[in-house]
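> With the sequence up front, the predicted model follows.
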Amino acid sequence: MIQLPPRQLPALARWFPAGSPGVAALPEHALTSGVGTWWADQVPSPRVVAVSCAGHVLLRGEPGAVAPAELAPFARSHVGATGRFLPLLGAAFDRVVPVERMLYVHSEPASAPPPPHGVTVRRLVGADGPALAAFTGSAADSAWIHASWGGAEGLAASGHAWAAVDRYGRIAAVACGYFTGDTYEDVAVITAPEHRRERLALACVTALCEDIAARGRTASWSCARDNRPSRLLAWTAGFRLHREYVQYATGSPSARPDARPSSDRQASVKVPAGRVSDASRIGAAPVPPLQGA
């Protein structure tokens with residue numbers, strides 16, 4: 001697979017139809033934000049096209065057009081692809097774990113709880129970049145929240161983030177449009193461990209959803225099926241189940257770069273005894289791959 005500069009992108013409507021909720025908004029987000037990488041097996045006339053951003057990959061086309069070794073850039077990622085790609089994925093990586101996920105769409109009104117004394121829920125602006133970086137730097141495994149915007153400064157300046165900020169300018173929780181399209185914006189939220197159970201996540205998500213609706217768009221929410229806290233927060237914030245789906249969490253590139261997919265290679269798709277969880281995050285799409293995600 002080769003990386004494509006924006007000027008060489010094929011007609012994307014054929015590969016990634018616009019107007020879908022959840023991670024399906026990733027291609028639109030990558031186009032408008034400039035964060036993400038586009039891939040194809042060849043130009044012109046590609047037979048396989050992919051787009052990657054923040055540890056997520058959408059893979060489309062004809063699996064037989066690429067060799068397993070060409071998928072190496074998608075190691076340790078969450079891959080969205082049809083079942084036809086499973087033999088190829090199984091040949092490309094040392095393990096491929098199905099991750100059962102749930103997709104919600106915002107459809108019910110919700111009331112924002114009042115924040116604690118001295119805390120304000122507001123939109124982040126560019127000047128909040130250092131505070132957001134300090135927030136994610138102080139909590140382990142939290143930098144994913146701004147990965148889809150290229151970093152803390154990018155998310156703060158995007159206009160798509162709402163946060164609970166104390167009187168000293170410190171951030172206690174932040175919700176954002178993680179993958180933003182023209183129809184749907186997929187929501188993610190994270191709270192500092194010491195501020196959990198203060199309902200700050202709900203306050204931030206409610207403010208964000210109102211902002212998304214004011215732009216004429218609809219908020220969506222993606223999480224692992226067994227992530228009960230995320231599902232409960234989504235329901236409380238007015239999201240309702242749209243559908244369930246499966247992503248594939250990939251491991252390291254296969255030790256056999258010359259391996260070719262075959263029907264028995266699908267056996268390398270490992271199905272764990274329990275479901276793979278994204279308990280490290282509450283909200284939308286991206287998780288550090290294979291980190292209990």
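Ah, there it is.
> can we go C-alpha only for contacts and neighbour counts from here?
Will do.
> Could you give the separation between the terminal residues of stretch 75-86?
End-to-end distance for stretch 75-86: 14 Å, by CA to CA, to the nearest Å.
> Equivalent analysis for stretch 44-54, please.
For stretch 44-54, the separation between the terminal residues is 27 Å (CA to CA).
> which outside residues touch that stretch?
Defining contact as CA atoms under 8 Å, 6 or more residues apart in numbering, one finds that stretch 44-54 is touched by 10, 15, 26-27, 30, 35-41, 57-63, 65-66, 144, 147-148, 286-287.
> Could you give the average pLDDT over that stretch?
Averaged over stretch 44-54, pLDDT sits at 95.
> Please identify the buried residues of that stretch?
Across stretch 44-54, burial judged by 16 or more other CA atoms under 10 Å covers Arg47, Val48, Val49, Ala50, Val51, Ser52, Cys53, Ala54.
> And stretch 57-75, by the same measure?
57-61, 63, 66-69, 71-72, 74-75.
> swap in stretch 150-163?
Applying 16+ other CA under 10 Å to stretch 150-163 flags 150-158, 160-163 as buried.
> Give me the subset of these that lies in helices.
Cross-referencing the buried residues of stretch 150-163 against helices under DSSP state H gives Ala152, Glu153, Gly154, Leu155, Ala156, Ala157, Ser158.
> Output the residues you listed as CSV; include the columns distance to Val125 and pLDDT.
Formatted as CSV, these follow (distance: CA to CA, whole Å; pLDDT from 0 to 100):
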residue, distance to Val125, pLDDT
Ala152, 11, 97
Glu153, 9, 97
Gly154, 10, 98
Leu155, 9, 98
Ala156, 5, 98
Ala157, 5, 98
Ser158, 8, 98
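> Let's have those residues in CSV, adding distance to Leu4.
As requested, those are exported to CSV (distance: CA to CA, whole Å):
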residue, distance to Leu4
Ala152, 25
Glu153, 25
Gly154, 22
Leu155, 24
Ala156, 27
Ala157, 26
Ser158, 24
